[in-house]
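Peer 1: I'll drop the sequence and a predicted model, then ask my questions.
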2 protein chains.
Amino acid sequence: MNIKPSMDRTLSEDEYEQHLKASRELLYDYLPLTDEQWEVFKQGFKIRKYHKGDFILNEGETERFLSIVLTGCTRHYIMVKGEEKSFDFSFQHEFNCSYSSFIQQEPSRFFIQALEDCVLASIHHDFLQQLYQHYPESNKFGRTAVEQYYIWREQREISLMTGSAQERYLRLMQKYPIYLEQVPLKYLASYLNIKPESLSRIRKKLFEER
Amino acid sequence: MNIKPSMDRTLSEDEYEQHLKASRELLYDYLPLTDEQWEVFKQGFKIRKYHKGDFILNEGETERFLSIVLTGCTRHYIMVKGEEKSFDFSFQHEFNCSYSSFIQQEPSRFFIQALEDCVLASIHHDFLQQLYQHYPESNKFGRTAVEQYYIWREQREISLMTGSAQERYLRLMQKYPIYLEQVPLKYLASYLNIKPESLSRIRKKLFEER
């Protein structure tokens, strides 16, 4: 597997400042920084733009960034015997990261690809470690971020362990309709661990029953 | 499902102090506390003893404790249509917690049962929140603990997505032989998402090939 990572796109200074401002607002619940603290914190941010289809991270690369999706959405997938298996999606205002790779600074097991044009606000691993060291309160940010990730993984694992394919599909649609709105069905099927043709059958059946 | 939680067993003062001392040593990498800080921290600890088969947490109960296994091991499982599905195991010196339940203070989706006689060093949720507030450095402890949990969940999810039943079995045995040493096969099968009879077949085949 050898896909060249896409280059970041250039931004005007105005755009850059606007995105930074949005990032601060999004992070505020986790990290209520004073203006002075923000001046330090924002130096570690990088605003990254990607086009639909661009690769944000390749399998085998080490994840250097913990990002927030400012606009767009991404797909995380793993290659299993030549087949792409969707592992996760990140939508607007959610975190986006190959998180185990980021924590351990080891090669990522999966790809991250832009499902639409995307803007990410990304903080570099090394900078975050410095923050953790010098601003103990930033550990609270790190803790709550990874807690959210953890809950998400546990829910997903339980969902894969329980219920029929149709139940998994219905549960996701009811709880997170954004998946049906933004994710192509072929990607959704593998995320739900259903064959694409089975997902089509389930959807047809549910439509006829309405 | 209505299983009465087991009562904690009483301990002599000596035993209690010994277990606390062991907990401090185990936690030291995460939480290098001064003697003075430890005097505060240890007030939030509870040493809990369980007999083999006791229920440490029931489905539907809220997890109040983040624990370390001082001795013994535990099994976490979920009931799916009347069938027990192993979700996790905690061995000696590892964390033991229904972690999403603990973070959100919501009912647990799974049971935690003592696979052997167990001693747990457990810190209460409310006390930990106070520590987070008053000792910012304890957020680092919380962050690194949940990071370890996260990595574990991601590895497990990827392991369930990839490879045949035999590959999953071999990988676990090579990487974590403790599972074969301490976990009865019927529990191991559901953890690997394999039917017990298939696991027996795999083991027989591997044995004959040796």
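Peer 2: Perfect, I can see it now.
Peer 1: need the longest helix for chain A.
Peer 2: Identified as the longest helix of chain A according to DSSP state H is helix A:138-161.
Peer 1: off-centre distance for that one?
Peer 2: Computed by C-alpha atoms, centre = their mean, to the nearest Å, the chain-centroid distance of helix A:138-161 equals 12 Å.
Peer 1: got it, and stretch A:182-198?
Peer 2: Here stretch A:182-198 is found 18 Å from its chain centre; the criterion is C-alpha atoms, centre = their mean.
Peer 1: pLDDT on that stretch, on average?
Peer 2: For stretch A:182-198, mean pLDDT is 92.
Peer 1: next, the buried residues of it.
Peer 2: Using 16 or more other C-beta atoms under 10 Å in any protein chain shown as the burial criterion, the residues of stretch A:182-198 that qualify are A:Gln182, A:Val183, A:Tyr187, A:Leu188, A:Ala189, A:Ser190, A:Tyr191, A:Leu192, A:Ile194. In this view, the C-beta of every residue, glycine as well, is placed from N, C-alpha and C.
Peer 1: out of these, which is nearest to B:Arg143?
Peer 2: Checking these against B:Arg143 by C-beta to C-beta gives A:Tyr191 as the nearest, at 28.0 Å.
Peer 1: next one: the closest one from A:Tyr169, what distance?
Peer 2: 10 Å (C-beta to C-beta, to the nearest Å).
Peer 1: quick revisit: now the two most distant members of the buried residues of stretch A:182-198.
Peer 2: Applying C-beta to C-beta across the buried residues of stretch A:182-198, the maximum distance is between A:Gln182 and A:Ile194, 18.0 Å.
Peer 1: so A:Pro196 makes contact with A:Ile202?
Peer 2: No. Using C-beta atoms under 8 Å, A:Pro196 makes no contact with A:Ile202, being 10.8 Å away.
Peer 1: which residues of chain A lie near chain B?
Peer 2: A:78, A:80, A:85, A:87, A:99-100, A:103-104, A:109-110, A:132, A:136-137, A:139-140, A:142-143, A:146-147, A:149-151, A:153-158, A:160-163, A:193 (C-beta under 8 Å from any C-beta of the partner chain).
Peer 1: give me the buried entries from these.
Peer 2: Buried members of the residues of chain A next to chain B, counted by 16+ other C-beta under 10 Å: A:78, A:85, A:87, A:99-100, A:103, A:109-110, A:132, A:139-140, A:142-143, A:146-147, A:149-151, A:153-154, A:156-158, A:160-162.
Peer 1: what bridges to the spatially most central residue of chain A?
Peer 2: Per C-alpha atoms, centre = their mean, the C-alpha nearest to the average position across chain A is that of A:Asn96, at 2.8 Å. For A:Asn96, the beta-bridge partners are A:Ser67 (DSSP bridges).
Peer 1: so what's it up against?
Peer 2: Neighbouring residues of A:Asn96 by C-beta atoms under 8 Å, 6 or more residues apart in numbering or on different chains: A:Ile56, A:Ser67, A:Ile68, A:Val69, A:Thr74, A:Ser90, A:Ile112, A:Leu120.
Peer 1: quick one, domains of chain A?
Peer 2: Domain assignment for chain A, taken from automatic domain parsing, gives A:13-162, A:163-210.
Peer 1: out of these, indicate the one that is most buried.
Peer 2: Mean neighbours per residue, mean count of other C-beta atoms under 10 Å in any protein chain shown, is largest over these for domain A:13-162, with a mean of 18.
Peer 1: tell me what the longest helix of chain A is packed against?
Peer 2: strand A:95-96, helix A:99-104, helix A:125-134, helix A:165-175, strand B:74-80, strand B:83-90, helix B:99-104, helix B:138-161 (3 or more C-beta pairs under 8 Å, 6 or more residues apart in numbering or on different chains; DSSP states H and E).
Peer 1: I'd like the ones you listed as JSON lines, with distance to B:Tyr30 and mean pLDDT appended.
Peer 2: Putting the helices and strands packed on helix A:138-161 into JSON lines (distance: least, C-beta to C-beta, whole Å; pLDDT from 0 to 100) gives the following:
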{"stretch": "strand A:95-96", "distance to B:Tyr30": "23", "mean pLDDT": "94"}
{"stretch": "helix A:99-104", "distance to B:Tyr30": "14", "mean pLDDT": "96"}
{"stretch": "helix A:125-134", "distance to B:Tyr30": "13", "mean pLDDT": "91"}
{"stretch": "helix A:165-175", "distance to B:Tyr30": "34", "mean pLDDT": "92"}
{"stretch": "strand B:74-80", "distance to B:Tyr30": "20", "mean pLDDT": "95"}
{"stretch": "strand B:83-90", "distance to B:Tyr30": "16", "mean pLDDT": "94"}
{"stretch": "helix B:99-104", "distance to B:Tyr30": "15", "mean pLDDT": "96"}
{"stretch": "helix B:138-161", "distance to B:Tyr30": "5", "mean pLDDT": "91"}
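Peer 1: ok, now how distant is A:Ser90 from B:Arg210?
Peer 2: Taken as C-beta to C-beta, the span from A:Ser90 to B:Arg210 is 45 Å.
Peer 1: next one: A:Leu27
Peer 2: Noted for A:Leu27: a distance of 55 Å to B:Arg210, by C-beta to C-beta.
Peer 1: how about A:Ser100?
Peer 2: 33 Å.
Peer 1: please apply the same query to A:Arg75.
Peer 2: From A:Arg75 across to B:Arg210, the span is 42 Å (C-beta to C-beta).
Peer 1: kindly report the same for A:His125.
Peer 2: Separation of A:His125 from B:Arg210 (C-beta to C-beta): 44 Å.
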